[in-house]
Every structure is written in C-alpha cells, then in structure tokens.
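Trainee: Provided below are the primary sequence and the corresponding predicted coordinates.
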Amino acid sequence: MIAAAEELAEIAIATATMARRLDIEPHVAMLSFSNFGSNDSPQATKVRRAVEILRERAPYLAADGEMQVGTALDVEQRKRLFDFCTLQAEANVLIFPELNSANIGYKLLRHVGDAELVGPILIGMNRAVNVLERDCSVRAVVNMAAITVVQAQEMGRALR
C-alpha cells in the first residue's frame with residue numbers, strides 16, 4: 001500500500017497517540033531515502049509534504065523529516081549536520097513512507113537489531129485487534145496482549 005501525504009500525517013498522529021497511551025513520549029521521524037530536501041523525487045516530496053501536514057494538524061508533536069533512518073536514530077549526527085531539525089531526541093516512532101519499507105525495516109530490526117520490538121500494532125481499527133507473528137516469543141504475546149487491552153479500554157471510554 002502506498003500512502004498519500006495526508007495519510008502519512010494521520011498515521012504519524014495516530015501512532016504518536018498510541019505511544020502516549022503506553023506512557024512513551026513520542027519523538028516522530030518521518031522516514032525517507034533523503035534528508036530534508038536533499039532529493040526532489042516524488043517519493044521524497046510526498047514525505048516532506050506529510051511533515052508539513054503533520055505540523056499543521058499536530059503542532060504539539062515532536063516530529064520532523066523527511067530524514068533517513070540513520071539521521072533519525074543518531075541525535076549527534078542530526079545536531080551536527082542538520083542543526084535546524086526540531087527533533088531533539090532519538091526518534092522512537094518511525095513512520096515509513098509505505099508498507100513494503102515498513103515491513104522490511106521491522107523484520108530487519110527484529111532479526112539483526114538488539115532492540116525489543118513490539119508490533120506490529122494495528123491502529124485505526126473499529127475494534128481492539130492486533131496480529132502476532134507466527135514465530136513470536138512468549139514475551140511478544142504478553143506485550144501484544146497488554147497493548148490490545150489498552151486499546152480496548154480506550155475504545156470503551158470513547159463509547160461512553
């Protein structure tokens with residue numbers, strides 16, 4: 001699925017909201033293969049436009065982009081090379097430009113990274129529902145169950 005700029009902005013807002021529900025202060029990076037206008041391809045331009053929309057709709061969010069994943073995760077590099085960047089902390093919410101790259105990035109982190117990954121988390125559904133990977137750990141099941149409970153509680157409050 002290839003999301004439009006508006007959809008990417010909405011995905012960023014919904015994901016940041018979910019992070020806050022889990023007591024995580026979101027630092028959102030809108031990912032691309034380019035950094036802050038270094039390329040004017042349609043793909044990079046779409047992410048750049050999504051950042052503009054995100055700033056209009058959620059100016060309270062710590063978010064910036066378009067940026068490469070290395071730029072998103074390396075605060076010192078970002079400060080040195082892109083001192084205008086408004087994102088001051090290491091990004092903990094990574095918004096990929098489309099589903100293929102998001103899935104590849106998630107799987108790559110899962111297999112070679114030493115970070116604890118939780119997900120994929122489904123956001124924007126009519127009910128609290130998520131998916132588990134076929135080969136997930138017991139810890140992943142527990143984490144996903146807890147997240148789904150939080151989603152169900154939030155939905156229950158919204159219905160009252």
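Mentor: It's in. Residues are numbered from 1 along each chain as shown.

Trainee: which other residues reach the longest helix that the chain contains?
Mentor: Assignment by DSSP state H gives helix 138-159 as the longest helix of the chain. Outside helix 138-159, the residues that touch it by Cβ atoms under 8 Å, 6 or more residues apart in numbering are 18, 21-22, 116, 118-119, 121, 127-130, 132-133, 136. In short, each C-beta sits where N, CA and C put it, glycine included.

Trainee: Over to stretch 31-42?
Mentor: Under Cβ under 8 Å, 6+ apart, the answer for stretch 31-42 is 43-44, 47-48, 65-69, 71-72, 81-82, 84-85, 94-97, 101, 105.

Trainee: hmm, 6 Å instead?
Mentor: Stretch 31-42 has contacts (Cβ atoms under 6 Å, 6 or more residues apart in numbering) with 44, 47, 66-69, 71, 82, 94, 96-97.

Trainee: now stretch 17-30
Mentor: Under Cβ under 6 Å, 6+ apart, the answer for stretch 17-30 is 12, 16, 47, 50-51, 61-63, 65-67, 72, 87, 89, 91-95, 123, 150.

Trainee: Helices - which of these land there?
Mentor: Those of the contacts of stretch 17-30 lying in helices (DSSP H): 12, 16, 47, 50-51, 72, 150.

Trainee: Low-confidence stretches in the protein?
Mentor: 1-2, 158-160 (pLDDT under 70).

Trainee: same thing but 90
Mentor: Applying pLDDT under 90 to the chain picks out residues 1-3, 18, 21-22, 99, 103, 105-128, 133-137, 140, 150-151, 153-160.

Trainee: domain parsing for it?
Mentor: 5-115, 118-160 (automatic domain parsing).

Trainee: Could you dump those into JSON lines with mean neighbour count added?
Mentor: Formatted as JSON lines, the domains of the chain follow (neighbours: other Cβ atoms under 10 Å):
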{"stretch": "domain 5-115", "mean neighbour count": "17"}
{"stretch": "domain 118-160", "mean neighbour count": "12"}
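
Trainee: Can you give me the distance of residue 29 to residue 151?
Mentor: Using Cβ to Cβ, to the nearest Å, residue 29 is found at 23 Å from residue 151.

Trainee: Ok, residue 55 next?
Mentor: Taken as Cβ to Cβ, the span from residue 55 to residue 151 is 27 Å.

Trainee: again, but for residue 64
Mentor: Taken as Cβ to Cβ, the span from residue 64 to residue 151 is 27 Å.

Trainee: Just to be sure, residue 59 is in a strand?
Mentor: No - judged by DSSP: H, G, I helix; E, B strand; the rest coil, residue 59 forms no part of a strand; its state is coil.
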